[in-house]
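Asks: Okay, structure incoming, though there's no sequence with it:
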């Protein structure tokens, strides 16, 4: 069975500052993928960033980057230069062959002006 | 490119009534997923289709939930009879193909169900 744990139910950050959201996971699969999804109050889930487990290089998408520690089974999301539009629920998700996704419980991020 | 469409957006019913949700995936996407998201939790997969066949329905409460994707495009998810604990947001997602790698899933806006 796969599990994903997000230990921070809520976080806040000042606009323009940097924040890191934590995620740990467990899987017996050797080939898997990790994702961060953003769910704004309108509830449309949007992909923020993805990481292939076989890649050592951390993924980066503009202001979003990940710190993937495979041995520790850790996958954190760093948001630089936080913007008001980053306010949302953030979900870490683990996927394996067959496209099944297992989601964590989410972290509510509030960006304050 | 149009995204994943879902209807209705909101539904309020009384317990023991039945309800149906509709999903239209992104054009050309072979794989379709239904998730249940209870307030304060992450989405939980209910069922996964590849074209019109079921790939995984191990977490679908089959005594009350059913889903179909008859023509391999649109899908409906039905609950009958509904229970109070079915109150949740029902998310539909689609991806291009089912493969050994991990295709990105694209989500619809969801249907918020309240069972009274």
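Replies: Right, received. Where do you want to start? Keep in mind it's a predicted model, so treat the numbers as computed, not measured.

Asks: Closest residue of chain B to chain A?
Replies: Per C-beta to the nearest C-beta, the residue of chain B with the smallest distance to chain A is residue B:42, at 3.2 Å. Glycine gets a C-beta too; all of them are placed from N, C-alpha and C.

Asks: What is the neighbour count of the closest residue to that residue other than its chain neighbours?
Replies: On the basis of C-beta to C-beta, 6 or more residues apart in numbering or on different chains, the spatially nearest residue to residue B:42 that is not a chain neighbour turns out to be residue A:103, at 3.2 Å. Residue A:103: 22 surrounding residues under other C-beta atoms under 10 Å in any protein chain shown.

Asks: Identify the bridge partners of residue A:103.
Replies: With DSSP bridges as the criterion, residue A:103 is bridged to residue A:93.

Asks: Residue A:89 is in contact with that one, correct?
Replies: No. Residue A:103 lies out of contact with residue A:89 (C-beta atoms under 8 Å); the separation is 10.6 Å.

Asks: still on that earlier bit, I'd like to know how far the residue of chain B closest to chain A sits from residue B:81.
Replies: Using C-beta to C-beta, to the nearest Å, residue B:42 is found at 26 Å from residue B:81.

Asks: Chain B against chain A: which residues are in contact?
Replies: Contact residues, chain B versus chain A (C-beta under 8 Å from any C-beta of the partner chain): B:3, B:31, B:33, B:40-45, B:48, B:55-56, B:89, B:91, B:93, B:95, B:98-110, B:112.
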